[in-house]
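> Mind looking at a prediction? Sequence and model below.
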Protein chains: 2
Amino acid sequence: MNPFPTSPRIAIVGSGAIGCYYGARLAQHGHDVHFLMRSDHDHVSRHGLDIRSHIGDFHLPADQVHSHTTTADIGPSDLVIIALKTTSNHLLPDLIPPLLHENTAILTLQNGLGNEALLATHFGAQRILGGLCFVCINRLSPGVIDHSAQGLITLGEYDSSDDLQSRPQTIAEAFNAAQIPCKVEPSLALARWRKLVWNIPFNGLSIAAGSLTTEQILASPTLTQLVHDLMLEVIATANALGHPLPESLADEMIANTRNMSAYKTSSLIDHLEGREVEINAIWQEPLRQAQAAGVPVPKLEMLTQLLAGYANLKTTSK
Amino acid sequence: MNPFPTSPRIAIVGSGAIGCYYGARLAQHGHDVHFLMRSDHDHVSRHGLDIRSHIGDFHLPADQVHSHTTTADIGPSDLVIIALKTTSNHLLPDLIPPLLHENTAILTLQNGLGNEALLATHFGAQRILGGLCFVCINRLSPGVIDHSAQGLITLGEYDSSDDLQSRPQTIAEAFNAAQIPCKVEPSLALARWRKLVWNIPFNGLSIAAGSLTTEQILASPTLTQLVHDLMLEVIATANALGHPLPESLADEMIANTRNMSAYKTSSLIDHLEGREVEINAIWQEPLRQAQAAGVPVPKLEMLTQLLAGYANLKTTSK
């Protein structure tokens, strides 16, 4: 197999805040980036993308944004970046094939667990990488993105046994050169579970404890204890699955979160704005893996039940 | 000890919906009833009590309502009925003593666990009875009570080992003669745990799953499963404490609740109206007893943590 191109043709599938921001950065730095857009296509085709960023605002004029409404219109690419909400994962088997050539790599920047496995099932494990985004980005209006803090992506191969050891490094170098801080993860699964140690309690309780910021959760001693209890269940699951995480991570993450300002999790924002919450990727799939491994996770189970209850309610009240 | 009087002098401590309704029924049927009132005293002293009831409306004129603002003003009584919210239990050691003579009985109609034990500690177990109210009553405005459904009280002695076997029967007969359907419970503790099997999940999830009626809870399969899980934890605790309840009670109660119309639990109404929820009596004390008995109750623990989180938040946002 040829080495991964240092200047790949890039397709962005899912042009919400994450897809637009990272895609725009890559385009800004000379990459050939093609966006699959839905609702924002007309606006962006006329007005381009406006990025307001704590590391520097920029405007990408319409003639420099390649916006498309179908993946067939984009065609084969070297790197497919998936930034779709996981609640739309059922669309991927139809969306992806027109983007593939023999050596196309697929990088999912989506939340939670199960996304790489789904893509691997359909398109082959050797194509798949996963990335974790540590970033605060919001879409303010069509084509207008606010990047307020952080920005790091860590990425790694889904199938670490294959011989593509240079691919993540090549992608990371391209990202770093485009003002996207990027590190290679030696174990993608470990990184995903580490992030879930935070996301499962904080994203979950931000909804299930009554629409709370991280600061409000940690203002309650009983909710802080519940955060800790949930973290220990997730850590125990990760360990049972062969991804070693120390129990001390719980206290460490809680302490770090206390030092953040009041933060609304992305799941809470989805919930408050009436969008579907990513229940499967963040809670149900980890719960399934815990149960399959025989790890007792009663509080993760109850949190998942509560969140699925919220989702049912939204569906039935539509 | 003399037999309990068939026409006792009655003091009502806590004149919310429950205290006003049952007190007014007893007064309507000729009993000498004295109400401890706070906010409604002035109104009731002038206008009496208006009872709107599905078994018959009635008005108790001001000159037939003995409203008082202190228990010293009421003085010694034969039967003290406590209908105070359990969140005000810390007031009882000061409120009760002026109402007592040597043979005064104290009947608490309060929710949850621990109320009889508290009263027994302060005033002696031999005085204490407990009653469970199966009734839908709301206070519409000062002095105006709406009794919309049911009405049964079941009551029993706290200390079933003593020689007062005739007392609950005497009280039940007085209640029945006053249009208050009343049955004697052979085991008060068993009756309390049986009621908790319903109250713990439904009152708890009506708040913690996002302000839901019983019908909305049962419209969600995952929340229904969670109700069932919580019920089994409560049933296991009751059994461990020597109060036999079958596991089949869970399915039975869920089926019965499906046949009710959409119902807002009293805890949800408290929550929505900004009043303190009875967390200690309904969740914390049962949780403590489960933990002391070594029964694993992770979901009861998590529900209690969530509800205490709501309560903390309310306190800090005051």
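Thanks, I have the structure now. Numbering: from 1, shown residues only, chains lettered A, B, ... in the order given.
> so what pLDDT did the nearest residue to A:Thr69 once chain neighbours are set aside get?
Closest residue in space to A:Thr69, ignoring its immediate chain neighbours: A:His41 at 5.3 Å, by CB to CB, 6 or more residues apart in numbering or on different chains. All C-beta spots, glycine's among them, are computed from the backbone N, C-alpha and C. What the model reports for A:His41 is a pLDDT of 96.
> same question, A:Leu164
A:Leu164 is given a pLDDT of 54.
> What of A:Ser261?
Value for A:Ser261, per-residue pLDDT: 83.
> quick one: the residue lying closest to it once chain neighbours are set aside from A:Thr222, how far?
Ranked by CB to CB, 6+ apart and with sequence neighbours excluded, the top spatial neighbour of A:Ser261 is A:Glu215, at 7.2 Å. Separation of A:Glu215 from A:Thr222 (CB to CB, to the nearest Å): 16 Å.
> Name the residue in those two with the higher neighbour count.
Using other CB atoms under 10 Å in any protein chain shown, the more surrounded residue of A:Glu215 and A:Thr222 is A:Thr222, with 21 against 14.
> For the strand or helix carrying the more buried one, name the packing helices and strands.
Here A:Thr222, judged by DSSP states H and E, is contained in helix A:221-240. Where contact means 3 or more CB pairs under 8 Å, 6 or more residues apart in numbering or on different chains; DSSP states H and E, helix A:221-240 is packed against helix A:188-208, helix A:214-219, helix A:248-258, helix A:285-292, helix A:298-316, helix B:298-317.
> can you count the residues close to the residue nearest to A:Thr69?
17.
> cool, and A:Ser141?
For A:Ser141, using other CB under 10 Å, the count is 10.
> what sits opposite it in the beta ladder?
Beta bridges link A:Ser141 to A:Val144, judged by DSSP bridges.
> and the gap between it and A:His147?
Taking CB to CB as the measure, A:Ser141 falls 15 Å from A:His147.
> what does A:Pro201 give?
For A:Pro201 relative to A:His147 (CB to CB), the value is 26 Å.
> Can you list the helices and strands that the helix or strand in which A:Gly156 is found packs against?
Per DSSP H and E, A:Gly156 falls inside strand A:144-157. Applying 3+ CB pairs under 8 Å, 6+ apart, we find strand A:144-157 packed against helix A:17-28, strand A:49-53, strand A:128-141, helix A:166-177, strand A:182-184, helix A:188-208.
> give me that answer again for 6 Å
With contacts defined as 3 or more CB pairs under 6 Å, 6 or more residues apart in numbering or on different chains; DSSP states H and E, strand A:144-157 has these neighbours: helix A:17-28, strand A:49-53, strand A:128-141, helix A:166-177.
> Let me know the average pLDDT across that strand.
pLDDT averaged over strand A:144-157 gives 95.
> which ones are touching A:Arg46?
Shown in contact with A:Arg46 (CB atoms under 6 Å, 6 or more residues apart in numbering or on different chains): A:Ala62.
> Buried residues, the helix or strand containing it. List them.
Per DSSP H and E, A:Arg46 falls inside helix A:41-47. Judged by neighbour count (16 or more other CB atoms under 10 Å in any protein chain shown), helix A:41-47 contains these buried residues: A:His41, A:His43, A:Val44, A:Ser45, A:His47.
> close enough to count as contact, the first one and A:His66?
No - the pair formed by A:His41 and A:His66 falls short of the contact definition of CB atoms under 6 Å, at 11.2 Å.
> Kindly tell me how buried the closest residue in space to A:His68 that isn't next to it in sequence is, as a neighbour count.
Nearest non-adjacent residue to A:His68, counting by CB to CB, 6+ apart: A:Ile74, 4.9 Å away. Residues near A:Ile74, counting by other CB under 10 Å, number 23.
> give me phi/psi at A:Ile74?
Main-chain torsions, A:Ile74, degrees, to the nearest 10: phi -80, psi -50.
> what about it, distance to chain B?
38 Å (CB to the nearest CB, to the nearest Å).
> so that residue touches A:Ala11, yeah?
Yes - with contact defined as CB under 6 Å, A:Ile74 and A:Ala11 form a contacting pair (5.0 Å).
> Now for those two: what residues contact both?
Contacts common to A:Ile74 and A:Ala11, judged by CB under 6 Å, 6+ apart, are A:His34.
> Which single residue of the stretch 51-200 of chain A ends up nearest chain B?
Of all residues in the stretch 51-200 of chain A, the one sitting closest to chain B is A:Ile200 (13.1 Å; CB to the nearest CB).
> residue contacts, that residue?
A:Leu230, A:Val234.
> where does it land on pLDDT?
On the pLDDT scale, A:Ile200 gets 98.
> Output the below-cut-off pLDDT ranges for the stretch 201-318 of chain A.
A:312-318 (pLDDT under 70).
> from memory A:Ile207 sits against A:His271, does it?
Yes - counting by CB under 6 Å, A:Ile207 touches A:His271, with 4.9 Å between them.
> for A:Asn239, what are its contacts?
Counting by CB under 6 Å, 6+ apart, A:Asn239 has no contacts.
> Next, find the distance separating it from B:Glu173.
64 Å.
> show me what contacts A:Glu247?
A:Glu247 touches A:Ile235, counting by CB under 6 Å, 6+ apart.
> and with 8 Å instead?
Residues in contact with A:Glu247, defined by CB atoms under 8 Å, 6 or more residues apart in numbering or on different chains, are A:Leu232, A:Ile235.
> Which residues are in contact with A:Pro181?
Residues in contact with A:Pro181 (CB under 8 Å, 6+ apart) are A:Gly151, A:Leu152, A:Ile153, A:Phe175.
> Let me have these in JSON lines, extended by distance to B:Ser160.
Formatted as JSON lines, the contacts of A:Pro181 follow (distance: CB to CB, whole Å):
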{"residue": "A:Gly151", "distance to B:Ser160": "68"}
{"residue": "A:Leu152", "distance to B:Ser160": "66"}
{"residue": "A:Ile153", "distance to B:Ser160": "67"}
{"residue": "A:Phe175", "distance to B:Ser160": "73"}
